[in-house]
Each structure stands twice: as C-alpha cells, then as structure tokens.
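**Q** test case, fold it:
(2 chains)
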Amino acid sequence: MSAAGFALPAVPFAVALIGLLLPLQARAVAAALAVAGAAAALGLAIWVLAAVGDGHESSREWVDFGGLTVTLGVRLDQASALVAVAVGVVALAVQVYSITYLHDDDRYVPYAAQVSLFTAAMLLVVVAGDLMMLMVGWEVMGICSYLLIGHDRRLPEAPAAAVKAFLVTRVGDVGFLIGIAVLGVSAGSFRIADVLAADLSGTTVTVSCLLLLAGVAGKSAQFPLHTWLPDAMAGPTPISALIHAATMVAAGIYVVVRLYPLFLESGAALAVLGVMAAVTLLIGALTATAQDDIKRVLAWSTVSQIGYMAGALAVGSTSAALFHLLTHAAFKALLFLAAGCVIHAVGSNLMSAMGGLRRDMPVTFWSFAIGLGALAGLPPLAGFWSKEGIIAVARHPEGPAPAWVGWLVLIAALVGVAVTAWYATRLLRRTFLGTRAAAGTPHDPPPLMRWPVVLLAVPSALLGLAAFLPAFRDALGLDDVHIDAWLLLPIALLALGVALGWRDLPAVPAFARAFWLDEVQHALVVRPTRALAAMVRRGDESGVDGAVEGTATGTVTLARRVAGAHRSALPRAATAVLAAAVLLAAVGAFL
Amino acid sequence: MRPVIPYVTAALLFGLGVYGVLRRRNAVLVLMSVELMLNAVNLILVTADTTVRAALPQTGQVFALFVIVIAAAEVGVGLAIVLQLYRLRATVAVDEVPLERVDA
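**A** Next comes the predicted model:
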C-alpha cells in the first residue's frame, strides 16, 4: 500500500526527469512517455482508491534537524485517493490533448516533461504524510506553473504573467512556510498525524492556521492574492486546464482539508477563510460577466468556484468542499479543453471574434454546453449537486466559526449561483449562438483533442449523481442528499441568471476591470517595491560602487597631478627649489 | 677691513644669478647665471675667511679653490649637454625641452 503511495508521485516524476533529458526532436518518444506516465499515475490512483479501505499511514525517519525529525511517509484515505484519481484523469486528458494542440510547437518535449513534473508535484501534495514533503510538492508546483505559463514566448504578455504568478503565490508561500515551521516546532514533529494529535495552545493554532491560509490564498487564487490567475491565461490552454482543474488551485483547498482538525480549533481562522471565500466568490463571478477573452471568463469562474470550496470549509464541511473540488475538476478541465478547441478553430481568444459556432462544431458545442451547465449548476449535472451541498451546509453551519460567517457564505453562494448562470449563459450565447463574426471554416478538432473533451463530459454530467451512491458518500463523508423545497431557490436564481445572460447587457466597467484590484495592487505593492528597488540600486551604484571607484579615480587623479608637477620645465623647477630654500631659511631663522 | 662691501657685492651677484636662472630661456645664459651664483659664493667664502676666526685657518680659501675646479668641470659638462640639445632640437631654449615621455 505504502509502495503504491510512494509510486504515485514517483512515476510521473521519473517520467518528467527522462522527458527533460530527451532531445527536442524526440516528439513521439516524449508524447508516448508523458501519456504512459499519466496513465500509470491514474492506474495507481484507482488501485489505491480500491485498496485503501479505512485509510493507511506509514512513515520512516528521513532527516533529523537537531531534534526536529522530518519523516518520509504517505497518508492515504479514500478522499485523498479520489483527489489523486481526479488529478490522474485530468493529467491524462491534458497530455493526450496536448499532443495535437502543440503539434507545431518546437518546445513540446520539455513542455510534456514539465506537465508530468506538475502532476508529480500535485500527487506528492496529495499523498504526503509529512508537512515537509507537502511543502516540497507545493514549491515544485510553483516553479512548474512559472515554467508552463511562460511557455509561449511569442506572446508578449507570457513572461510577465509567469513572473506575476510566481511572485504573487510566493508572497503567500512565505506565510505557508512560517506556518509549517510554527506547527512543526510546537508539535515537535512535522508528521501530519503527530501535528493533528499534538496538544497545541489556541494561540499557536490560530497563528499557524492564519499563516497557512496566506499560502492557501496564494495557491488557490483567493482574495487578495487572486490576481495572478486570470493573467496566467497567457499559458497554453491545456496548462490552464491542468492548473485550474486538478493541480495548483486545488492544492490550497486540499491542504486545508488535510489539516482541517487544526482549523476546527480556531474559529478566527475559519472566519477569515469565510470572509475571504465570500469576497473571492463574488469578485470572481461578477468579473467573469464582463470579460471578452473566453479563457479569462473561465479563469474568473475558477476564482469564484474555488471561493465556493473555501466557503464550504469555512462553515465546517470538508466533504462538501471536496465534492465540489472533484466536480469542478471534471467540468473545468472540460471547459478549458473545449475552449482550446474553439481557440484552435477560430484563431482568437476573443468572444467578439466568435459566435455561431454551434453548427460548425457540434461536438465541441455539446461538450461545452454540458460543462457550462455543470458550472452554472443546472440540474442534474455535476455542479448542481455539489453546489447544493455547499448551500445546504451554509444553511446549517457546523464548526467553530461565528454564526455570521454561515450567513455570509450562504448569501454569497446564492448570489453566486445567479451570477454564475449569468456569465455561463453569456459565454455560451456569444461563442456558439448568434451569427458568425469572422470568416473561415471552423470545424471540430482532430480526434486526439476531441476524445479527451468528450470523455470529460461524462463525469461533468454524471459525477453529481455519485452523491446518491453510498460508497462515494462514505468516501467523502457526505450527508444524504435532501430533496426538499430549498432546492427550488438555487434553481430560481439560476433561471434569473440565465435571463440576465441571455440579454446583451453592456459590460459594467467595475466588473470588466476586476474592481480595479490589479490597479490597487499595482499602486500599493508594485510601485513602492519598484521605487524601493530603484533607491537601493542608486544607493548601491553611487554609494557602495561610488566609494570604491571614487577611491581609485581620486588616487589616479592625484597621481596625475603630482606627475604633472614633477614634469615641469626648468624655470619652474628652479623657482620651486629657490622658493623652498627661502622657505627653509625663513623657518630656520624663526626657530 | 670692512667686510660689508664684498658681502653686498656677493649678495648682488647671487641675486643677479638667481634672476638669470629664473628668467632666461637660453640654456647658455642659464649656465652663466649659475656661474655668477657660484662666484658670489666664492666671494663670500674668501671674505669670511679673512674676517671670521675659524678653528682651521684658510679653509674658506681652500674651499673656494674646490668650487672653482668643480665649476669648471660643471661648465664643461653643461656646455656639452647644451651642444647636444642644440644638435637634436636646433634650439637651446630650456622651457622647450620636452619632458613628457614620448611613446615610441
């Protein structure tokens, strides 16, 4: 069992290492290797899911840092196995899809290897039984996202987006690292089981939970560190699918689930998480209603959907959060891959250049429609059940968070349902319905791109119904689904949202500019940092360098002057000698 | 004997020599001015020998003889250098002697 747990990240990691060593021409080998690695990871994850039973934990000592032991271990249960399966499915779909999507990219080979590395890092986070191992996976994901977002060097915005993603998540990661250190030092061990079992003081728990939340906000794109995710759309579309569905943004939520017993001891941390979630949910959803770039709509919708998961965690339910994480992984991967098909066919990201694609691309249209239906929460598609679960939990909050957090999350979630339906309908209408905006003959994508999309449509449609399977409910710890009058409220809000999205409303400036949060961030962080950097640079160049170089130039100048004086012609030299003689005589006379 | 007259004469001679060294551009005249200064010193040495009681008698006169001999040798060397300078540069103006190193 633990061998399988270790193999889960190790196999894609080995594949990534081999892939990084391949020459750039070895496309076929790299593609076969990457797909095989992802398939092996998926197979292992399914096997773990079948065999894990009530959970499995193993660890052995790895390094000893003066009393603090770091262990090498896995911690598996059914929920983590389900997340691993979701990661495997999305990674496999992305690898297969990328073969065709990047068929004319000469840097496909390192790309495929980096995707494998990304998958390995996420699986390491999923199985890690030790906070230090988790941290390693967490950081490797950060560097992979940087590499992959910056993959397309022809795009002018790609390098800046990659740097932004790296730096913004790094800000959160500083908190995350300190949080782990606080936990490890006060519990005396970095093993997750030991940390959860340790008897920590309330202050320690609250401080470390808040620090961890900083990292979670960075990785999971929660307010106020969400600004990197929409810009990360500069990366290739399959990468967006990977980042948004299975890895990276899911990691933050997953880590909170992993350490949830700690959060249950700190009402303050959960209240912060709840406020963060509600703000993120509404900002993301409202901003998505006014974007023209199809990928940015999906990116803001991810921000908003992760807000749902964080909200579920804040009101005390890991199971509702994980359920939404799984359904979201399915339909968001589907949406991004289908959006990739559309971009591939139209040659533009902008919805104003699309429209009327329904007839020319029927397969893509129906897959996209299923994905958007699941996203908006159209019954009986996946998103309906998982969102309904979150709303039900928010109505009856458990956990130590104050009561107003439950109300906040509930209201945000209900408003979010309407706004989600609004932008989903708008996206569908502007992309596939109406009249064609541009010439050309768009067509459904080639098979290697079509099949991942079609296959992902299956869980997007049906995964929600898994909530009626007792085995699935037990794995996540979900409650029974109550079918009652409360189900009508989200449906009514959904209808309202569809009605809003159907009409061609003008884009609200505040939504189109994402509430100017990028500008705020620019004014509050970027510009002071730049000014400070310029000041330090000036100080270094004129202060430190100036002192060193000034000493040298001063000496040389002085030497030149003296040399010049030495070289003077005879009359001046004689004058100097006589003047000195007179001076000496005068001095001698006076003394 | 009144030593004032030779002392004043010597001082005037020396001043004349200093002036010549400082103001003249011609190297031969500069050498002559140096001779004037040396002779002023000789005059002082001889005068002092007759007026001041020294531990060893006649040292001033002996010293003046030394100075005359050395001055003769110095003028010989000096004139040879001036002659060489004239051959090289076709001028004997002292402030036109190039002092910067000429890179080959």
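
**Q** which residues sit against stretch A:6-17?
**A** For stretch A:6-17, the surrounding residues in contact (CB atoms under 8 Å, 6 or more residues apart in numbering or on different chains) are A:33-34, A:36-38, A:40-41, A:44-45, A:48, A:74, A:84, A:91, A:113-114, A:116-117, A:119-121, A:123-124, A:126-127, A:137. C-betas here are computed from N, CA, C, even on glycine.

**Q** now that stretch: average pLDDT?
**A** Mean pLDDT, computed over stretch A:6-17, is 89.

**Q** roughly how far out does it sit from the chain middle?
**A** Relative to the mean C-alpha coordinate of its chain, stretch A:6-17 is positioned 21 Å out (CA atoms, centre = their mean, to the nearest Å).

**Q** in it, what's buried?
**A** A:Phe6, A:Ala7, A:Leu8, A:Pro9, A:Ala10, A:Val11, A:Pro12, A:Phe13, A:Ala14, A:Val15, A:Ala16 (16 or more other CB atoms under 10 Å in any protein chain shown).

**Q** and the fourth one, what element?
**A** With secondary structure defined by DSSP states H and E, A:Pro9 is part of helix A:2-21.

**Q** please identify the residues of chain A in proximity to chain B?
**A** When proximity is defined by CB under 8 Å from any CB of the partner chain, chain A lies next to chain B at A:Arg567, A:Ser568, A:Ala569, A:Leu570, A:Pro571, A:Ala574, A:Thr575, A:Leu578.

**Q** format these as CSV; extra columns: pLDDT.
**A** Output for the residues of chain A next to chain B, formatted as CSV (pLDDT from 0 to 100):
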residue, pLDDT
A:Arg567, 77
A:Ser568, 75
A:Ala569, 74
A:Leu570, 74
A:Pro571, 76
A:Ala574, 82
A:Thr575, 85
A:Leu578, 86
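
**Q** adding distance to A:Ala412, write those out as JSON lines.
**A** JSON lines is the format used below for those (distance: CB to CB, whole Å):
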{"residue": "A:Arg567", "distance to A:Ala412": "85"}
{"residue": "A:Ser568", "distance to A:Ala412": "88"}
{"residue": "A:Ala569", "distance to A:Ala412": "92"}
{"residue": "A:Leu570", "distance to A:Ala412": "96"}
{"residue": "A:Pro571", "distance to A:Ala412": "95"}
{"residue": "A:Ala574", "distance to A:Ala412": "97"}
{"residue": "A:Thr575", "distance to A:Ala412": "93"}
{"residue": "A:Leu578", "distance to A:Ala412": "97"}
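
**Q** which among the residues you listed end up buried?
**A** Among those, the ones that count as buried by 16+ other CB under 10 Å are A:Leu570, A:Pro571, A:Ala574.

**Q** which of those fall in helices?
**A** Counting by DSSP state H, those place A:Leu570, A:Pro571, A:Ala574 in helices.

**Q** returning to that earlier point: C-alpha coordinates for the helix holding A:Pro9, PDB please?
**A** Output in PDB follows, covering the C-alpha atoms of helix A:2-21 (Å, rounded to 0.1, in the frame of the first residue of the first chain):
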ATOM      1  CA  SER A   2       2.700   2.500   1.000                       C
ATOM      2  CA  ALA A   3       4.700   1.400  -2.000                       C
ATOM      3  CA  ALA A   4       1.800   2.400  -4.200                       C
ATOM      4  CA  GLY A   5       1.500   5.700  -2.300                       C
ATOM      5  CA  PHE A   6       5.200   6.500  -2.900                       C
ATOM      6  CA  ALA A   7       4.900   5.300  -6.600                       C
ATOM      7  CA  LEU A   8       2.000   7.700  -7.200                       C
ATOM      8  CA  PRO A   9       4.200  10.800  -7.300                       C
ATOM      9  CA  ALA A  10       7.400   8.900  -8.100                       C
ATOM     10  CA  VAL A  11       6.200   7.500 -11.500                       C
ATOM     11  CA  PRO A  12       5.300  10.900 -13.100                       C
ATOM     12  CA  PHE A  13       8.500  12.400 -11.500                       C
ATOM     13  CA  ALA A  14      10.700   9.700 -13.200                       C
ATOM     14  CA  VAL A  15       8.900  10.300 -16.500                       C
ATOM     15  CA  ALA A  16       9.500  14.000 -16.100                       C
ATOM     16  CA  LEU A  17      13.200  13.500 -15.500                       C
ATOM     17  CA  ILE A  18      13.600  11.300 -18.500                       C
ATOM     18  CA  GLY A  19      11.500  13.700 -20.600                       C
ATOM     19  CA  LEU A  20      13.700  16.700 -19.600                       C
ATOM     20  CA  LEU A  21      16.700  14.800 -20.900                       C
END
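
**Q** so which of the contacts of stretch A:6-17 belong to helices?
**A** Among the contacts of stretch A:6-17, the residues falling in helices (DSSP H) are A:33-34, A:36-38, A:40-41, A:44-45, A:48, A:84, A:91, A:113-114, A:116-117, A:119-121, A:123-124, A:126-127, A:137.

**Q** show me the helices in the stretch 301-450 of chain A, by range?
**A** Applying DSSP state H, counting those that start in this stretch to the stretch 301-450 of chain A gives helices spanning A:318-346, A:362-376, A:382-395, A:403-432, A:447-462.

**Q** closest one to chain B out of the buried ones among the residues of chain A next to chain B, please.
**A** Each of these was scored against chain B by CB to the nearest CB, and A:Leu570 proved nearest at 4.2 Å.

**Q** tell me the contacts of the closest one?
**A** Contacts here follow CB under 8 Å, 6+ apart; on that basis A:Leu570 touches B:Val30, B:Val94, B:Asp95, B:Val97.

**Q** quick one: the nearest residue to A:Leu148 once chain neighbours are set aside and A:Gly215, what's the gap?
**A** Closest residue to A:Leu148 apart from its sequence neighbours, by CB to CB, 6 or more residues apart in numbering or on different chains: A:Ile239 at 4.5 Å. Distance, A:Ile239 to A:Gly215, using CB to CB, to the nearest Å: 21 Å.

**Q** any idea which helix or strand carries residue 80?
**A** With no chain named, the answer covers chain A. According to DSSP H and E, A:Ser80 maps onto helix A:78-101.

**Q** please go with chain B instead
**A** Using DSSP H and E, B:Ala80 falls in helix B:59-89.

**Q** buried set for that helix?
**A** Applying a neighbour-count criterion of 16+ other CB under 10 Å, one finds B:Gly60, B:Phe63, B:Ala64, B:Val67, B:Ala71, B:Gly78, B:Val82, B:Leu85 buried in helix B:59-89.

**Q** try stretch B:5-14
**A** Across stretch B:5-14, burial judged by 16+ other CB under 10 Å covers B:Pro6, B:Ala10, B:Leu13, B:Phe14.

**Q** need the residues of chain B near chain A, please.
**A** Residues of chain B lying near chain A by CB under 8 Å from any CB: B:Val18, B:Val21, B:Leu22, B:Arg23, B:Arg25, B:Val30, B:Val94, B:Asp95, B:Glu96, B:Val97, B:Leu99, B:Glu100.

**Q** which elements pack onto the helix holding B:Ala80?
**A** Using 3 or more CB pairs under 8 Å, 6 or more residues apart in numbering or on different chains; DSSP states H and E, the elements in contact with helix B:59-89 are helix B:27-51.

**Q** can you list contacts of the helix it packs on?
**A** For helix B:27-51, the external contacting residues (CB under 8 Å, 6+ apart) are A:570, B:1, B:3, B:6-7, B:9-14, B:16-21, B:24, B:58-61, B:63-64, B:67-68, B:71, B:74-75, B:78-79, B:82, B:85, B:92-94.

**Q** what's the angle from it to helix B:59-89?
**A** 180 degrees (axes from the mean of the first three to the mean of the last three CA atoms, to 10 degrees).
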